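Peer 1: coords below, sequence missing:
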């Protein structure tokens, strides 16, 4: 699941209409690896698996919606619109694929990856795939606070079974960021500001 996270955050943080705001992944990666002091090799924690030709891999997603105001508590329809947009882009079914610059057209293809909201939570119970939590935090910084229940956020679901996405109010002009490959598996996922999530 890791190799796709950076692609996901780049797509999710579309810059065309919000040119003054930024993706914070680069700064997050620099800070993360400066602070990281461990001999653990997170890159090899999930064994590789073979795929059959033309297999479509479906990744279950949990969207953690952290809200303090009603406006931050985005609707299920808004969440689903983001999943639908991801699937169109990853399967190359989006209507604007003709706008791909010529230099990149030969590299574009159907990735055979799809996303769906999780139907079963880590405890085996039925879920909508949307995990809502009220928070007393006015905002979160791009320092993984939203990924910790102790800091007003919510802990990740098993990152080997789910793609975790946290939707919250992020401090400043940050649109979002993603955990880099090799990062702490308990914090693996994507963070997106609530007002740029979905279509």
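Peer 2: The structure has been received and is ready for your questions. Since the structure is predicted, the reported quantities are computational estimates derived from the model, not experimental observations.
Peer 1: Count the residues that sit near the closest residue in space to residue 179 that isn't next to it in sequence.
Peer 2: Excluding the flanking residues, the one nearest residue 179 by C-beta to C-beta, 6 or more residues apart in numbering is residue 188, at 4.8 Å. No exception for glycine: its C-beta is placed from N, CA and C like everyone else's. Per other C-beta atoms under 10 Å, the neighbour tally for residue 188 reads 23.
Peer 1: Hmm, residue 159 and residue 188 touching each other?
Peer 2: Yes - using C-beta atoms under 8 Å, residue 188 is in contact with residue 159, at 4.0 Å.
Peer 1: Distance-wise, check the closest residue to residue 147 other than its chain neighbours relative to residue 161.
Peer 2: Counting by C-beta to C-beta, 6+ apart, residue 187 is the residue found nearest to residue 147 once chain neighbours are left out, at 4.9 Å. To residue 161, residue 187 is 15 Å away according to C-beta to C-beta, to the nearest Å.
Peer 1: okay, these two: which has more neighbours?
Peer 2: Set residue 187 next to residue 161 and count neighbours by other C-beta under 10 Å: residue 187 wins out with 18 against 13.
Peer 1: Would you agree that one is in contact with residue 154?
Peer 2: No - with contact defined as C-beta under 8 Å, residue 187 does not count as touching residue 154 (11.8 Å).
Peer 1: Mutual contacts of those two, please.
Peer 2: residue 147 (C-beta atoms under 8 Å, 6 or more residues apart in numbering).
Peer 1: which parts of the longest strand seen in the chain are buried?
Peer 2: Assignment by DSSP state E gives strand 57-67 as the longest strand of the chain. Buried residues in strand 57-67, counted by 16 or more other C-beta atoms under 10 Å: 59-67.
Peer 1: Out of those, which is nearest to residue 137?
Peer 2: Among those, residue 66 lies closest to residue 137 (C-beta to C-beta), at 7.5 Å.
Peer 1: Contacts only, for the residue nearest to the closest one when sequence neighbours are not counted.
Peer 2: In this structure, residue 66 finds its nearest non-sequential neighbour in residue 168, 3.9 Å apart by C-beta to C-beta, 6+ apart. Shown in contact with residue 168 (C-beta under 8 Å, 6+ apart): 65-67, 72, 135, 137, 139-140, 146, 153, 191, 193-194.
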